[in-house]
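S.K.: task: produce atomic coordinates for the following.
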Amino acid sequence: GLNLLWQDKEIRTSALSRASSPNLRSHIALIFDEQSQLPLYNKNSRTVAPIASITKLMTAMVVLDSSPVMDAPVVITDDDVDYLRGSRSRLTVGSVISRETALLLALMSSENRAANALARHYPGGMREFMSAMNIKAKELGMLDTRFEDPTGLTSNNVSTAIDLVKMVAAAH
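M.R.: Model (predicted):
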């Protein structure tokens, strides 16, 4: 399985990727063959770095793990406004949307207010939600990952390319 593959200290790279590396400007990259469960290209894939809006994938997974009522109302409040980076939103304070709509907006439009509101509406609130995100990361074997907010607005949400492959595989 995936966890066993990543227990090796070195990432195995195929002969194909050694012969022809893609021309990527990214400092960190990992091209992973889902079928063979092997990396095809690796560039600093163990480097811990901020993950920005990729955070919202874990947010969605944790929301869904709680088996929520998807048509339950989610209210956008001032607590959901991004005062850290000042990102914009089409969701105004006072908007009421379904949990399903909030989830779709968080994933498809990278809507920060929707992601934050989903975390606030989690059983136990934001504190429990953040705990659940970090617990889930550890359960998935994402040992170099840490979440401090459900949106990805803070650069304190960090991971590695290797850990993100594990998260994407679990989401799939």
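
S.K.: residue 105 and residue 95 touch, don't they?
M.R.: No - proximity of residue 105 to residue 95 does not meet the contact threshold set by C-beta atoms under 8 Å, at 10.4 Å. Using the backbone N, CA and C atoms, a C-beta is placed for each residue, glycine as well.

S.K.: run through who's touching the lengthiest helix in the chain.
M.R.: Among all segments of the chain classified by DSSP state H, the helix with the greatest residue count is helix 125-139. By C-beta atoms under 8 Å, 6 or more residues apart in numbering, the list of residues contacting helix 125-139 from outside reads 58-59, 61-62, 65-66, 119-120, 122, 145-150, 159, 163, 167.

S.K.: any idea how far residue 83 is from residue 153?
M.R.: Distance check for residue 83 against residue 153: by C-beta to C-beta, to the nearest Å, it reads 10 Å.

S.K.: those two: who's more crowded?
M.R.: Neighbours per residue (other C-beta atoms under 10 Å) separate residue 83 from residue 153, with residue 153 holding more: 21 against 8.

S.K.: can you pull the contacts of the more buried one?
M.R.: Going by C-beta under 8 Å, 6+ apart, the list of residues near residue 153 reads 82, 84-85, 87, 112.

S.K.: helices and strands of the chain: which one has the lowest mean pLDDT?
M.R.: Lowest on mean pLDDT, DSSP states H and E among the helices and strands of the chain sits helix 2-5, with a mean of 32.

S.K.: in what helix or strand does the most centrally placed residue in the chain lie?
M.R.: Nearest residue to the geometric centre of the chain (C-alpha atoms, centre = their mean): residue 55, 2.9 Å. Element membership of residue 55, judged by DSSP states H and E, is helix 55-65.

S.K.: residues in contact with that helix?
M.R.: When contacts are taken as C-beta under 8 Å, 6+ apart, the neighbours of helix 55-65 outside the stretch itself are 99, 103, 106-107, 110, 115, 118-119, 122, 129, 132-133, 136-137, 147, 149-152, 157, 167-168, 170-171.

S.K.: just the buried ones from the residues you listed?
M.R.: By neighbour count, with 16 or more other C-beta atoms under 10 Å, the contacts of helix 55-65 hold 99, 103, 106-107, 110, 115, 118-119, 122, 129, 132-133, 136-137, 147, 149-152, 157, 167, 170 as buried.

S.K.: just the ones of these in helices?
M.R.: Helix and strand membership here follows DSSP H; of those, those in helices are 99, 103, 106-107, 115, 118-119, 129, 132-133, 136-137, 167, 170.
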